[in-house]
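Q: starting from these lines, generate the structure:
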Amino acid sequence: MANPSIAASDEKKTEIYAAGHALEAQVTPGAAHDKALELLSDPADAEIKAHFDINSPEAVAVKKKIDRWLMPLLIITVLFQNLDKATLSYGALMGLKTETHLHGSNYSWLGSLVYFGFLSWEIPAAALLQRLPIARYASVTVVLWGTVLCCHAAATNFGGLAACRFLLGVLESSVTPAFVLITGAFYTQDEQVNRIAFWFGTAAVSQVVGGLLTYGIYHFESFRWEALYLIFGGLTIIHGIVCFFMLTDSPSKAYFLTTAERIIALERVRVGKAGSETWKFNAEQLKEAFMDPRLYLFFFMMICTGLPNGGVGAFGPSIIVQFGFTTENTTLLQMAPGLSEFVGIIFATQLFKRTRSRGWVGASCVSIAVIGIILRPVVVIFILSMLSSCVSGTTKKLAFNVAYNLGYSIGNILGPQTYQAKDAPDYKPAKYVMLAFVACEIFVILSISYIHKSENARRDRQDAEDFKNGVVHPVIENEEFLDLTDKQQRGFRYPI
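A: Numbering: from 1, shown residues only. Below you'll find the model as predicted:
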């Protein structure tokens with residue numbers, strides 16, 4: 001005879017799962033179109049899920065396969081992005097200012113205009129990223145921005161350069177949000193820090209590569225700054241075409257993986273509860289994003305990050321020249337900050353492995369930047385890894401990405417404007433402004449980390465209390481891939 005208590009327990013479980021399925025249908029009307037859910041409905045998933053171990057040889061092999069395919073594409077794209085933006089400062093050393101008749105604040109505005117392009121396209125880019133295949137959209141923008149970069153070589157005045165710089169910003173604005181989404185789709189929370197360090201860290205490598213290339217190009221008898229734009233633009237176009245055919249944005253569409261490997265790839269990221277792509281705008285998620293104080297903290301933090309970046313990026317070489325170095329030596333000296341950043345990235349990622357704290361490691365890097373601005377860009381790695389792992393729900397995640405890029409754009413627009421000709425050659429007011437914003441960044445980073453820690457503790461206390469009182473919540477099957485927000489998922493825990 002069946003044990004009554006066991007029968008009652010089974011009946012209760014059935015009711016819980018039934019409630020979960022009802023809730024699933026209610027909160028995720030578009031989930032049937034999620035490719036990840038279609039793949040997880042494969043009977044093979046049940047066996048893989050039952051015996052899944054993220055440290056198993058099979059799972060590790062899948063991770064390495066993803067690394068070999070995905071990381072080179074992301075790394076090279078961001079390398080070209082940083083090289084392409086830096087061409088203005090390198091071109092200024094090669095006669096661009098004189099030959100295009102720049103005067104007064106013209107050069108400062110060219111430094112800012114690329115970020116006006118960023119600013120104008122952030123919201124349309126977020127909408128397109130939710131409606132178009134992310135990998136295809138990102139690849140097309142790479143080809144187009146390479147084309148625009150080549151067009152710089154034909155500019156003969158401020159107007160021509162201004163138009164090109166603005167369009168360059170429009171086209172480059174989608175790359176970081178797209179790559180944050182792609183990284184979050186393929187990697188666990190802890191893995192995202194190192195992977196973002198790999199591709200975003202090429203900002204440091206680009207200074208070394210750019211310095212060497214510019215040094216070589218400078219020695220042409222003529223066609224100097226024009227050659228810079230044509231070479232970098234041509235290489236960018238070629239890479240964009242490669243990305244169009246090779247880049248993918250989700251494990252469920254990763255054609256370089258077998259069906260079983262795709263399922264393993266999805267199981268690997270299930271624990272992060274960051275969701276899967278859903279091509280449907282969700283007004284409730286947007287409302288939740290606007291009610292989340294972290295949205296505004298990320299926005300202000302990126303203003304603090306972008307302002308020093310915009311100023312140093314546009315005026316760094318010019319400041320070095322003021323110390324009496326030749327143009328050739330200045331291009332080589334531009335490699336030193338890049339090398340320092342690269343070492344800083346290695347140090348910071350190793351420190352994260354030991355502390356598991358994005359907030360404290362990021363704040364430590366900014367603290368060092370108060371002394372010397374060199375390590376300040378390293379903190380962006382931890383900001384991006386937070387964005388990819390601390391927010392769930394496609395629309396909400398894109399809203400946070402928009403806040404990130406709007407803040408970064410505004411900071412980069414303001415940065416070059418703090419460098420006024422009357423303050424040359426030491427630009428003391430600009431340096432004081434940079435110092436103040438870098439100091440504010442420390443406070444904002446620690447504030448976000450505190451919010452995450454407090455919310456995790458509150459959820460843990462609530463779970464313990466519910467368990468003690470016998471409260472059982474509905475179980476939603478595959479909730480990690482139902483495009484639920486971090487607020488809607490009881491099991492979601494924020495990275496600290």
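Q: the longest helix along the chain packs against which elements?
A: Longest helix of the chain, by residue count under DSSP state H: helix 428-468. Secondary-structure packing of helix 428-468 (3 or more Cβ pairs under 8 Å, 6 or more residues apart in numbering; DSSP states H and E): helix 293-322, helix 358-371, helix 379-389. (Each C-beta comes from the backbone N, C-alpha and C, glycine too.)
Q: these: lowest mean pLDDT?
A: Out of these, helix 358-371 stands lowest, with a mean of 69 (criterion: mean pLDDT).
Q: surely residue 393 touches residue 486?
A: Yes: with contacts counted by Cβ atoms under 8 Å, residue 393 reaches residue 486, the gap being 7.1 Å.
Q: more crowded one of the two?
A: residue 393 (26 against 22; other Cβ atoms under 10 Å).
Q: so what's that one closest to, chain neighbours aside?
A: Spatially, and ignoring its direct neighbours in sequence, residue 393 is nearest to residue 485 (3.6 Å; Cβ to Cβ, 6 or more residues apart in numbering).
Q: mind listing what's buried in the strand or helix carrying residue 60?
A: Using DSSP states H and E, residue 60 sits within helix 57-92. Going by neighbour count (16 or more other Cβ atoms under 10 Å), the buried part of helix 57-92 is 59, 62-63, 65-67, 69-70, 73-92.
Q: got the CA positions of the host helix or strand of residue 168 in CSV?
A: Following DSSP H and E, one finds residue 168 within helix 158-172. Taking Å, rounded to 0.1, in the frame of the first residue of the first chain, the C-alpha atoms of helix 158-172 are listed here in CSV:
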residue,chain,number,x,y,z
PHE,A,158,36.7,70.9,-40.3
GLY,A,159,33.3,70.2,-41.8
GLY,A,160,34.4,67.1,-43.6
LEU,A,161,36.2,65.7,-40.5
ALA,A,162,33.3,66.6,-38.3
ALA,A,163,30.8,64.7,-40.4
CYS,A,164,33.1,61.6,-40.5
ARG,A,165,33.8,61.7,-36.7
PHE,A,166,30.0,62.0,-35.9
LEU,A,167,29.2,59.0,-38.2
LEU,A,168,32.1,57.0,-36.7
GLY,A,169,30.5,57.5,-33.3
VAL,A,170,27.1,56.4,-34.6
LEU,A,171,28.4,53.2,-36.0
GLU,A,172,30.8,52.3,-33.2
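Q: angle of that helix against helix 57-92?
A: 170 degrees (axes from the mean of the first three to the mean of the last three Cα atoms, to 10 degrees).
Q: tell me the helix or strand right after helix 158-172.
A: helix 175-186.
Q: which residues does that following helix contact?
A: 66, 70, 74, 77-78, 81, 125-126, 129, 134-135, 137-138, 141-142, 192, 195-196, 199, 247, 249-251, 265, 269, 272, 274, 276-277, 384, 387-389, 397-398, 401-402, 404-405 (Cβ atoms under 8 Å, 6 or more residues apart in numbering).
Q: average model confidence for the longest helix of the chain?
A: For helix 428-468, mean pLDDT is 87.
Q: and stretch 205-225, by the same measure?
A: Here the average pLDDT along stretch 205-225 is 73.
Q: ok, residue 65 - contacts?
A: 256-257, 261.
Q: at 7 Å what do you get?
A: Counting by Cβ atoms under 7 Å, 6 or more residues apart in numbering, residue 65 touches residue 257.
Q: so residue 349 makes contact with residue 195?
A: No: if you go by Cβ atoms under 7 Å, residue 349 and residue 195 don't touch, sitting 10.2 Å apart.
Q: quick one, which of the two is more surrounded?
A: Legend: neighbour count by other Cβ under 10 Å for residue 349 and residue 195, higher for residue 195 (26 against 20).
Q: the strand or helix carrying that one vs helix 379-389, what angle?
A: Assigned by DSSP H and E, residue 195 falls within helix 189-200. Orientation of helix 189-200 against helix 379-389 (the same axes, to 10 degrees) gives an angle of 130 degrees.
Q: so which elements touch helix 189-200?
A: Judged by 3 or more Cβ pairs under 7 Å, 6 or more residues apart in numbering; DSSP states H and E, the packing partners of helix 189-200 are helix 57-92, helix 175-186, helix 335-355, helix 379-389.
Q: kindly reformat those helices as a markdown table containing distance to residue 117.
A: What follows is the helices and strands packed on helix 189-200, written out as a markdown table (distance: least, Cβ to Cβ, whole Å):
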| stretch | distance to residue 117 |
| --- | --- |
| helix 57-92 | 11 |
| helix 175-186 | 13 |
| helix 335-355 | 24 |
| helix 379-389 | 19 |
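Q: worst mean pLDDT among the ones you listed?
A: Across these, helix 335-355 gives the lowest mean pLDDT, at a mean of 73.
Q: quick one: that helix to helix 57-92, angle?
A: Calculated by the same axes, to 10 degrees, helix 335-355 forms an angle of 150 degrees with helix 57-92.
Q: tell me which other helices or strands helix 335-355 touches.
A: helix 189-200, helix 202-218, helix 358-371.
Q: what sits against residue 490?
A: residue 473.
Q: residue 168 too?
A: 84, 114, 117, 145, 148-149.
Q: buried members of these into ChimeraX, please.
A: Applied in ChimeraX, the following selects the buried portion of these according to 16+ other Cβ under 10 Å:
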select :84,114,117,145,148,149
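Q: between the contacts of residue 168, which is closest to residue 205?
A: The closest of these to residue 205 turns out to be residue 84 (Cβ to Cβ; 14.0 Å).
Q: chain neighbours aside, what residue packs nearest to the closest one?
A: Residue 84 sits nearest to residue 149 (Cβ to Cβ, 6+ apart), 5.2 Å away.
Q: just checking, what packs against the helix or strand that contains the one you found?
A: Assigned by DSSP H and E, residue 149 belongs to helix 134-151. In terms of contacts (3+ Cβ pairs under 7 Å, 6+ apart), helix 134-151 is packed against helix 57-92, helix 158-172, helix 175-186, helix 224-246.
Q: can you redo those helices as CSV with distance to residue 414?
A: CSV is the format used below for those (distance: least, Cβ to Cβ, whole Å):
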stretch, distance to residue 414
helix 57-92, 17
helix 158-172, 15
helix 175-186, 19
helix 224-246, 26
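Q: can you say which of the ones you listed is nearest to residue 449?
A: That would be, of the helices and strands packed on helix 134-151 and by Cβ to Cβ, helix 175-186, which comes in at 18.7 Å.
Q: tilt between the closest one and helix 57-92?
A: 170 degrees.
Q: chain center to helix 175-186, what's the gap?
A: Chain-centre distance of helix 175-186: 6 Å, with Cα atoms, centre = their mean, to the nearest Å.
Q: same check, this time on stretch 191-210
A: 11 Å.
Q: correct me if wrong: residue 483 contacts residue 393.
A: Yes: between residue 483 and residue 393 there is a contact under Cβ under 7 Å: 5.9 Å.
Q: next, count neighbours for the closest residue in space to residue 290 that isn't next to it in sequence.
A: Leaving aside its chain neighbours, residue 290 sits nearest to residue 399 (7.5 Å; criterion: Cβ to Cβ, 6+ apart). Look at residue 399: counted by other Cβ under 10 Å, it has 22 neighbours.
Q: mind listing what the residue nearest to residue 302 when sequence neighbours are not counted touches?
A: Distance criterion Cβ to Cβ, 6+ apart; nearest residue to residue 302, sequence neighbours excluded, is residue 407 at 3.1 Å. Contacts for residue 407 (Cβ under 7 Å, 6+ apart) come out as 298-303, 306.
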